[in-house]
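Peer 1: Turn this into a structure:
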Amino acid sequence: MLKDFKEFAVKGNVLDLAVGVVIGGAFGKIVTSLVNDIIMPIAGALTGGINFTYLKFVIKPAYGSVPAVTLNYGAFIQNVIDFLIVSFSIFLFIKLINKFKIEKEGIVIKEEEKPSKEALLLEEIRDLLKK
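Peer 2: Presented below is the predicted three-dimensional model:
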């Protein structure tokens, strides 16, 4: 059983997945910082100094020691931008990897080949014989 697990763990796909998860986690932090520290302050400056983090809709105001009930749509906007940047970056990265893989393996995607003159002639003969 231990041998089977060892074989499973050292297969290329499992190791690739583990590396991808670690790199993805680190990349996620970079993108979050990009959104929070660079993009959103610029967006805030362009929109008159609005800090998107604190944009919210108050459903029920605070009463005494009970905190207000709010919909924090500003934080949601930041998370959507974060997601879009991460997903687009991953898309570009996968496209780049696939391009290199195709070049490395020498896979050539051929356009649809036109049938030869002989093939066209044989098709005509076949069609005439059917009549």
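
Peer 1: Quick test: name the residue nearest the centre of the chain.
Peer 2: Nearest to the mean C-alpha position of the chain, counting by CA atoms, centre = their mean, stands S87 at 2.9 Å.

Peer 1: Quick check: that residue vs F93, distance?
Peer 2: 11 Å (CB to CB, to the nearest Å). C-beta: built from backbone N, CA, C; applies to glycine.

Peer 1: before we move on, back to that, check the residue nearest to the centre of the chain and give its pLDDT.
Peer 2: We note a pLDDT of 83 for S87 in this prediction.

Peer 1: which SS state does it fall under?
Peer 2: helix (DSSP: H, G, I helix; E, B strand; the rest coil).

Peer 1: Which stretches in this protein count as helices?
Peer 2: 2-9, 12-34, 40-46, 73-105, 117-130 (DSSP state H).

Peer 1: Minimum distance to T53: which of those helices has it?
Peer 2: helix 73-105 (5.4 Å; CB to CB).

Peer 1: Who are the packing partners of that closest one?
Peer 2: helix 12-34 (3 or more CB pairs under 8 Å, 6 or more residues apart in numbering; DSSP states H and E).

Peer 1: which residues are contacting stretch 36-55?
Peer 2: Under the contact criterion CB atoms under 8 Å, 6 or more residues apart in numbering, stretch 36-55 has outside partners N72, Y73, G74, A75, I77, Q78, I81.

Peer 1: if you set the cut-off to 6 Å instead, what comes out?
Peer 2: Y73, G74, I77, Q78 (CB atoms under 6 Å, 6 or more residues apart in numbering).

Peer 1: Find the residue ranges of this structure scoring beneath the pLDDT cut-off.
Peer 2: 8-12, 106-112 (pLDDT under 70).
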